Structures are given as structure tokens and as C-alpha cells.
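K.L.:
my questions are about this predicted structure, shown below with the sequence.
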Amino acid sequence: MQGYLRPDGRKGIRNVILVAYLVECAHHVARMIVTRADDMDIQLVGFPGCYPNDYALKIMSMLGAHPNVGGVLLVSLGCEGFNREALAQAIEASGRPVETLVIQECGGTLSTIQQGLDLVRALKGIASQTPRAPMTMSDLVIGTICGGSDGTSGITANPAVGRAFDRLGAEGAACVFEETGELVGCERIMASRAVTPELGRALEACVEKAAAYYTIMGYGSFAPGNAEGGLTTQEEKSMGAYSKSGSAEICGIIKPGEQPPTGGLYLLDVVPDGEPRFGFPNISDNAEIVELISCGAHMTLFTTGRGSVVGSAISPVIKVCANPETYRKLAGDMDIDAGKVLEGRATLDDVAEEICSLVAAVAQGQRTVSETLGHQEFILTYKSFEPTGPACLPLRRAS
Amino acid sequence: MTASPLLILLDPQDNVLVCGAPVSVGDDLWIDGDRVTAQQSLPIGHKVARRDLAVGDQVLRYGAPIGTVTAPTARGQHVHLHNLTSNYLASHTRQARQAVASQKD
């Protein structure tokens, strides 16, 4: 495998140019630049709020410095609270070219769009000079998420991803699972897989925090479609979701924007710390995919039973379909048919092998179905996190 | 898993089975070697009782508890929101308010 070699030593599997709006008021201008550039590797991201938020600044900084990113154009209205100077400095420090356009200083909508088009072409030219370097599985960070789960998810796609994670982790990849709200009911089983007893207690505490958060928000991580697909309770959905983590020992807990320090298996804690506050979102699949990418994920394995069609900006999404009936209805949106396990046409190990082969192919540049269809969803909202506790990354402390 | 049974037993301890394919009324459901006639149609992924379930019983799937039985359920019957509730957080549907109201009845 060959990757795009970044100045920090990390290697990317894509070389995208980001156009980032820093407040909703700059969204249209940024979107018009991306639309008119008409290039699948020039992509739109952004933050809609006007008040500043440390979490949003951290996530945007990590995205601008992501190994799949070759350059960034920031689009500011001018009066919003987002610290555009700090963001530009963080991206520049990562060795990536960054430009800023302030609409109030650029002559308004049409002029900013025109200047933006010129700048993204220039950024693309610089990014195209990025050196290529040999890359192995240990250079990769791979995330997983489930969306639109049903009663088949925990039988086919999720355990197949778990087996793929076991193999990819053994080859040195950092594998990240997430959504602690979908681990409610599995906390003790999960804690027994931690590399240290302290980490085990931290894993249980993560899930307790998620249960408390969702109780206050009024809804668990359970959508009406889950019930229509045969899932009855949160803990039933959790057991299925948990199987995406495979059977390897759990090396640590990271929070959004933190990079896994070694290969192996990590839990990403996406539930905000402290009391839920006005403006916090309830969960959505793409918000979690963005958080996985902020932790360096080069690609995401997305399992679905009901049939999600989303992709993502920055990092490719591989769609693994759990339900054979859904696959027949939405085959054009799926990369892998895991539901065939239910029809006796493959084993879980066969599907895991298929996933690992596709991961290697996508790392070498093969486009996933959602990439080809132009899915580049992105959402970032307000949250707040405290620093990760000392028990969460025992391997980093030991090294 | 290499065969393609209509009902799947995920763990020997489980007291529910998962439909591996759609079930139609009148289908033969084979449960632990006994033939039980399906009383209702069920989509793929839904659960039926492996044995008679009483109120207060824990339902086991993957060998792990997934909630508490809220209504007597005979072997072979559908196990879902009408007779099973979470030990943690309430599930909601698009008719969430009605579902909560009917649970209180």
C-alpha cells in the first residue's frame, strides 16, 4: 500500500481539499464554492454556531490536520465567535496549506465564491505535490458504527465486523468502536476485556455516564425503526452493537479529537461530560462518524439492517448490510452483503474476509459505493468534554 | 452458522429464537425438535418465545438478559414491545405517547 505522507509522519488514503464554513451565515458561500468546483475531492465541512465552543475548535483542528486532508479553505462571515486564527494556525502547524476568506472583507457573496474557486484550485495544486510513501496496516485507524439497526444486525454484519476488527487489529491497525449509549447493558462483559482493571472500571463509568445522559435527554439510543426491525429493548440493541468490537482486549478509551496512541482496539466515548446543556444534540450517525474521523479514522465500517445510505466527508464509509431483504432493496447503496449469512450463502468468517479485503482496496484508493454516489455528509454541533482520565490509556503511560 | 434455519438459537441459554427469514401464519416453527404452528406473520429479525414465559422472567438473547417479560407469552409467540420491557431505558416508537399510555393501563 502507498499513502500520502504528511509532515507529522501520518499517512493518508485520500488527498481532499476541505472548504470549511465557520458559522451558518457562511454556509451558502462555502457550499457554492464546493458545488461549482465540482470535484469529489473538494468537500464541504463546517460548524453552524455563532458562539465559540472548545470542542468544535478541537474537532475542526483535527479534521484540518487529518491525514486524508491535503489543504483547507476557511470561509468566515467575519463577526462570528469561532476562533478562525487559532484554527488556521493549527492546520498550518500540521504542514497543510490553509487559506482564509472573510466574506465581510472580500466584497460579499459573489466575490468570495470567485476567490474561493481560485483558492481551492491552487490548494489542489499544492496537495497534488504530496509525496507518496509505503504504508502498512499499522498506519491505519479504522472506525466502526452501526445505524438503522434491526434484529439481523447483531447476527450478521456486526459480528462480521467484529471478526474483521480482530484481524485488522492483529495486523497493527488501530480499531475504534463507539457510541457508549449502545453499550448500556454490556458494561460488565466489556469491562472484563480491558487491559487493566482500572481501564475496566473506566469503561463501566463511561456507560453509566451514557445511561444518565440519555435518561435526562428522554430517549435512549433507540429509534422507531429499530423496533420495526424486531429489536425490543436498549440492551438487546446494545448486545448486537457491542459485537462490532470483536474479541480482542480493549487497549483504551479516547474522546473526540484524541488519536489512538498504538494499534489495537479502543472505545471512543462520544457522550459529553458534565450536565447535559441546552444546545447539545442527541445522537446521530454522521455526528459520530465525524468524531471517529477527528480521532484519525481513515475509513469507517458502517453496519446497517434497516438500510442507511449515508457516507461522509474526508474518510470513506464502507457499508455492510446485515439484512438480506434490505440488501435486495438497496443493493446500489451497499458495499457488502452480510445478510447472506442468514441464507446459508456465506459464513461470518467469509464476510469478515470480504471486509478486510475491501479495507485494503479502499486504502489503496478504490472508491466505496457512498463515495461514488457523492455522499459527503457532515455534521458538527456543540458539546463539551473533560480531558481523558489517567486510567483510560494505560499503554501510552507504559511506553 | 452455515445452515439457514427459519428460527435461530444464538446461545444455548436463550429463551427466545430469532427469525432468520420472514414467517407466515401457519408455517411450521421447529422449536427444540417440536413442531409449533406460527400464529402470526413476522418479519426477519423478530423474536419468538422458545418456551412459555411468565411475567417477571428475564429474556435471554446472546446468553445475556435483554429485558423483563410483562405479559404471559406462550412458546412460539412473538416477543416484542407488547410483552417485553427494558431493564434500563424505555424504548419509543413513532407513537411514543400512546405506547407509554397503554403500558400504564
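P.N.:
Here it is on my side, so go on. Residues are numbered from 1 along each chain as shown, chains lettered A, B, ... in the order given.
K.L.:
any weak-confidence spans in chain B?
P.N.:
B:1-5, B:91-105 (pLDDT under 70).
K.L.:
those helices in it, which residues are they?
P.N.:
Remark: helices assigned in chain B by DSSP state H are B:96-104.
K.L.:
just give me the residue right at the centre of it.
P.N.:
B:V79 (2.6 Å; Cα atoms, centre = their mean).
K.L.:
contacting residues around it?
P.N.:
A:T232, B:V16, B:K47, B:V48, B:A49, B:L53, B:V59, B:T73 (Cβ atoms under 8 Å, 6 or more residues apart in numbering or on different chains). The C-beta positions use only the backbone N, C-alpha and C, and glycine is treated the same way.
K.L.:
do you have the helices of the stretch 51-200 of chain A handy? List them.
P.N.:
A:54-64, A:84-93, A:109-127, A:157-170, A:187-191, A:197-217 (DSSP state H, counting those that start in this stretch).
K.L.:
any chance of those helices in CSV, with distance to A:I355 and mean pLDDT too?
P.N.:
CSV is the format used below for the helices of the stretch 51-200 of chain A (distance: least, Cβ to Cβ, whole Å; pLDDT from 0 to 100):
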stretch, distance to A:I355, mean pLDDT
helix A:54-64, 25, 97
helix A:84-93, 32, 98
helix A:109-127, 29, 98
helix A:157-170, 4, 98
helix A:187-191, 22, 93
helix A:197-217, 25, 92
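K.L.:
mind checking which of the ones you listed is nearest chain B?
P.N.:
With Cβ to the nearest Cβ, the closest approach to chain B among the helices of the stretch 51-200 of chain A belongs to helix A:197-217: 5.9 Å.
K.L.:
quick one: buried residues of stretch A:175-192?
P.N.:
When burial is assessed from 16 or more other Cβ atoms under 10 Å in any protein chain shown, stretch A:175-192 yields the following buried residues: A:175-187, A:190-191.
K.L.:
among those, which ones are in strands?
P.N.:
A:C175, A:V176, A:F177, A:E178 (DSSP state E).
K.L.:
for chain B, give me its nearest residue in the stretch 51-200 of chain A.
P.N.:
For the stretch 51-200 of chain A, Cβ to the nearest Cβ, closest residue to chain B: A:G151, 2.5 Å.
K.L.:
OK, contacts around the residue of chain B found nearest chain A?
P.N.:
Of all residues in chain B, the one sitting closest to chain A is B:G45 (2.5 Å; Cβ to the nearest Cβ). B:G45 is in contact with A:D150, A:G151, A:T152, A:I155, A:G229, A:G230, A:L231, A:G305, A:N323, B:V18, B:C19, counting by Cβ under 8 Å, 6+ apart.
K.L.:
tally up the residues packed near A:L5, please.
P.N.:
Counted with other Cβ atoms under 10 Å in any protein chain shown, the neighbours of A:L5 add up to 18.
K.L.:
list the contacts for A:A313?
P.N.:
Neighbouring residues of A:A313 by Cβ under 8 Å, 6+ apart: A:V16, A:L18, A:Q43, A:L44, A:V45, A:Q376, A:E377, A:F378.
K.L.:
how much space between the fifth one and A:H298?
P.N.:
Going back to what we said before, that points to A:V45. 16 Å (Cβ to Cβ, to the nearest Å).
K.L.:
please apply the same query to the last one.
P.N.:
Summarising the geometry, the distance separating A:F378 from A:H298, computed by Cβ to Cβ, is 16 Å.
K.L.:
the two: which is more packed in?
P.N.:
Neighbours were counted for A:F378 and for A:H298 using other Cβ under 10 Å; A:H298 has more, 29 against 20.
K.L.:
so that one touches A:R10, yeah?
P.N.:
No. Assessed by Cβ atoms under 8 Å, A:H298 is found out of contact with A:R10, at 9.3 Å.
K.L.:
quick one: common contacting residues for those two?
P.N.:
In contact with both A:H298 and A:R10: A:P67, using Cβ under 8 Å, 6+ apart.
K.L.:
tell me, how many residues neighbour A:R84?
P.N.:
20.
K.L.:
show me what contacts it?
P.N.:
Taking Cβ under 8 Å, 6+ apart as the test, what A:R84 contacts is A:L22, A:L74, A:S76, A:T100, A:V102.
K.L.:
of those residues - the most surrounded one?
P.N.:
A:L22 (29 neighbours).
K.L.:
what does the pLDDT read for that residue?
P.N.:
Looking at A:L22, its pLDDT is 98.
K.L.:
so who does A:R367 touch?
P.N.:
Listed by Cβ under 8 Å, 6+ apart, the contact set of A:R367 reads A:P316.
K.L.:
ok, now A:G200?
P.N.:
A:A191, A:S192, A:R193, A:A194.
K.L.:
on that earlier part again, which among the contacts of A:A313 gets closest to chain B?
P.N.:
Among these, A:E377 lies closest to chain B (Cβ to the nearest Cβ), at 23.1 Å.
K.L.:
nearest residue to the closest one in space, please, no chain neighbours.
P.N.:
A:N286 (4.5 Å; Cβ to Cβ, 6 or more residues apart in numbering or on different chains).
K.L.:
which element is that neighbour on?
P.N.:
Assessed by DSSP states H and E, A:N286 sits inside helix A:285-294.
K.L.:
kindly export that helix (C-alpha atoms) in PDB.
P.N.:
The C-alpha trace of helix A:285-294 is given here as PDB (Å, rounded to 0.1, in the frame of the first residue of the first chain):
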ATOM      1  CA  ASP A 285     -24.800   8.600  12.900                       C
ATOM      2  CA  ASN A 286     -22.900  11.300  11.000                       C
ATOM      3  CA  ALA A 287     -22.000  13.200  14.100                       C
ATOM      4  CA  GLU A 288     -20.300  10.100  15.400                       C
ATOM      5  CA  ILE A 289     -18.600   9.400  12.100                       C
ATOM      6  CA  VAL A 290     -17.200  12.900  12.200                       C
ATOM      7  CA  GLU A 291     -15.900  12.200  15.800                       C
ATOM      8  CA  LEU A 292     -14.300   8.900  14.600                       C
ATOM      9  CA  ILE A 293     -12.600  10.900  11.800                       C
ATOM     10  CA  SER A 294     -11.400  13.500  14.300                       C
END
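K.L.:
the helix or strand just after it pairs with which strands?
P.N.:
Note on helix A:285-294: by DSSP H and E, the next helix or strand toward the C-terminus is strand A:299-304. Sheet pairing of strand A:299-304 (DSSP bridges) gives strand A:141-146 (parallel), strand A:317-321 (parallel).
K.L.:
wait, which of the ones you listed is closest to A:A248?
P.N.:
strand A:141-146 (12.8 Å; Cβ to Cβ).
K.L.:
how many neighbouring residues does B:D27 have?
P.N.:
18.
K.L.:
swap in A:C50?
P.N.:
If you count neighbours by other Cβ under 10 Å, A:C50 ends up with 14.
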